[in-house]
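S.K.: here is a sequence together with a model predicted from it:
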Amino acid sequence: MKLSFRWYGKDDPVKLQEISQIPGMYSIVSAVYDVPPGEVWQEESLAALRADCHAHGLAFEVVESIPVSEDIKLGTEKRQRHLDVYCENIRRCARYGVKCITYNFMPVFDWTRTQLDKAAPDGSTSLVMYRQQLAGLDPLRDDIHLPGWDASYSQQEIRGLFRAYAALGEDGLWKNIAVFLKQVIPVAEACGVRMALHPDDPPYPIFGLPRVVTGEQNIDRYLAIVDSPANALCLCTGSLGCVKSNNIPKLVRKYAAKDRIAFMHMRNVQILDDGSFEERAHLSSCGSLDMYEIVSALVENHFQGYVRPDHGRMIWGETGKPGYGLYDRALGAAYLNGLFEACEKGRKK
Ligand code: DNO
């Protein structure tokens with residue numbers, strides 16, 4: 001595996017030098033964040049990102065994300081132009097050494113949580129999703145903004161998007177996924193890039209919007225649309241793993257054996273009785289997921305892709321982007337290094 005770490009660029013309170021001091025760190029995961037979906041990324045931006053990473057002894061091989069515009073997801077009249085731009089961005093990334101590009105197909109909102117700083121008894125804080133709080137949220141009525149969401153929509157635009165997705169439904173979304181994959185995957189293949197689909201987070205419909213990347217059956221369907229190693233997964237343990245019906249070690253074993261995992265997001269969640277969940281420290285004993293089993297599944301299948309410690313808690317007084325502080329993610333990286341070493345050496349015995 002190749003250990004990696006998400007970095008939000010020069011404005012990130014976490015510095016590249018700090019990331020480079022984490023043992024075993026190989027690549028930065030980043031993106032050109034100041035260009036809206038549907039527009040081309042400037043090559044200078046990619047060149048600067050790569051140069052910054054290299055100056056700190058780090059590779060820049062993973063992009064997270066090239067966002068898929070709502071026009072592509074909805075299949076509007078702007079779709080073809082946006083798809084052309086999407087393909088051009090893949091080519092540009094490849095030119096600067098990128099080997100893996102993450103994206104998702106979630107309508108309107110990226111990941112959803114109801115609170116970003118829930119305090120645990122030890123004083124650390126983390127992201128949580130409480131069903132009861134969610135039931136009280138209505139994006140059509142309330143002016144809610146979460147960091148996972150594109151803050152540039154006005155309330156009116158959100159209303160329009162909700163109407164459009166209601167008319168599209170799940171079947172329509174699947175059709176638009178197929179149009180996207182059939183154009184994008186051949187381009188990625190041709191330039192040696194693997195597209196890594198991030199699952200829906202959480203993996204069920206939110207606010208009545210269709211969400212389809214939710215579990216094994218739908219992932220099988222998604223991967224079969226274009227049967228190529230370039231049509232791969234960013235298997236996020238915490239996103240898929242916050243519902244009991246997804247058996248994460250089993251999914252990892254299955255898709256790693258088929259070489260359909262390009263990137264692993266590794267974090268732990270505690271599922272609560274009512275289906276709510278709390279993000280926890282990475283250690284298996286801190287949440288519902290067996291991280292040892294997940295790493296074993298990867299090692300058994302000789303996984304060569306990228307791994308990054310996902311969302312950390314805020315600990316030791318750190319402030320910053322919820323989920324993306326330095327300290328707890330660095331602890332996560334150290335823990336993952338330990339699990340991989342143990343599993344790899346254990347197999348050789
Ligand atoms: C959350 C992340 C997601 C992910 C996108 C990929 O912290 O895992 O926002 O980057 O869904 O497109």
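M.R.: Yes, it's here.
S.K.: phi and psi next, for the spatially most central residue of the chain.
M.R.: Geometric centre of the chain, nearest residue: His198, 4.7 Å, by CA atoms, centre = their mean. The phi and psi torsions at His198 (degrees, to the nearest 10) take the values phi -90, psi 130.
S.K.: that one touches Ser239, doesn't it?
M.R.: Yes: look at His198 against Ser239 with CB atoms under 8 Å: they come within range, at 7.1 Å. In short, each C-beta sits where N, CA and C put it, glycine included.
S.K.: any shared contact partners between these two?
M.R.: Jointly contacting His198 and Ser239 under the rule CB atoms under 8 Å, 6 or more residues apart in numbering are His265.
S.K.: and the single nearest residue of the stretch 151-300 of the chain relative to the ligand, bridged to which residues?
M.R.: Nearest residue of the stretch 151-300 of the chain to the ligand: His198, at 3.8 Å (CB to the nearest ligand atom). Bridge pairing for His198 (DSSP bridges) gives the partners Asn104.
S.K.: for it, give me the pLDDT.
M.R.: Looking at His198, its pLDDT stands at 98.
S.K.: contacts only, for it.
M.R.: His198 is in contact with Ser65, Thr102, Tyr103, Asn104, Val213, Cys234, Cys236, Ser239, His265, counting by CB under 8 Å, 6+ apart.
S.K.: which residue packs closest to the third one, ignoring adjacent ones?
M.R.: On the basis of CB to CB, 6 or more residues apart in numbering, the spatially nearest residue to Tyr103 that is not a chain neighbour turns out to be Ser65, at 4.8 Å.
S.K.: who's in contact with the one you found?
M.R.: Applying CB under 8 Å, 6+ apart, the residues near Ser65 are Ala31, Ile101, Thr102, Tyr103, Asn104, His198.
S.K.: give me the buried entries from those residues.
M.R.: Those of these that meet the buried threshold are Ala31, Ile101, Thr102, Tyr103, Asn104, His198, by 16 or more other CB atoms under 10 Å.
S.K.: could I get these as a markdown table with distance to Gln304?
M.R.: Rendered in a markdown table, the data for these read as follows (distance: CB to CB, whole Å):
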| residue | distance to Gln304 |
| --- | --- |
| Ala31 | 23 |
| Ile101 | 17 |
| Thr102 | 17 |
| Tyr103 | 21 |
| Asn104 | 23 |
| His198 | 19 |
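S.K.: quick check: next helix or strand after the helix or strand where Gln217 lies?
M.R.: Assigned by DSSP states H and E, Gln217 belongs to helix 216-225. Downstream of helix 216-225, the first helix or strand assigned by DSSP H and E is strand 231-236.
S.K.: give me the mean pLDDT for that following strand.
M.R.: Across strand 231-236, pLDDT averages out at 98.
S.K.: what's the answer for stretch 252-261, then?
M.R.: Throughout stretch 252-261, pLDDT has a mean value of 98.
S.K.: buried residues, it. List them.
M.R.: For stretch 252-261, by 16+ other CB under 10 Å, it's Val252, Arg253, Lys254, Tyr255, Ala256, Arg260, Ile261.
S.K.: I figured Pro322 was touching Leu127, is that so?
M.R.: Yes: using CB under 8 Å, Pro322 is in contact with Leu127, at 5.8 Å.
S.K.: spell out which residues are contacts of both of those two.
M.R.: By CB under 8 Å, 6+ apart, the residues touching both Pro322 and Leu127 are Leu116.
S.K.: more neighbours, these two?
M.R.: Taking neighbours as other CB atoms under 10 Å, Pro322 and Leu127 compare with Leu127 leading, 27 against 21.
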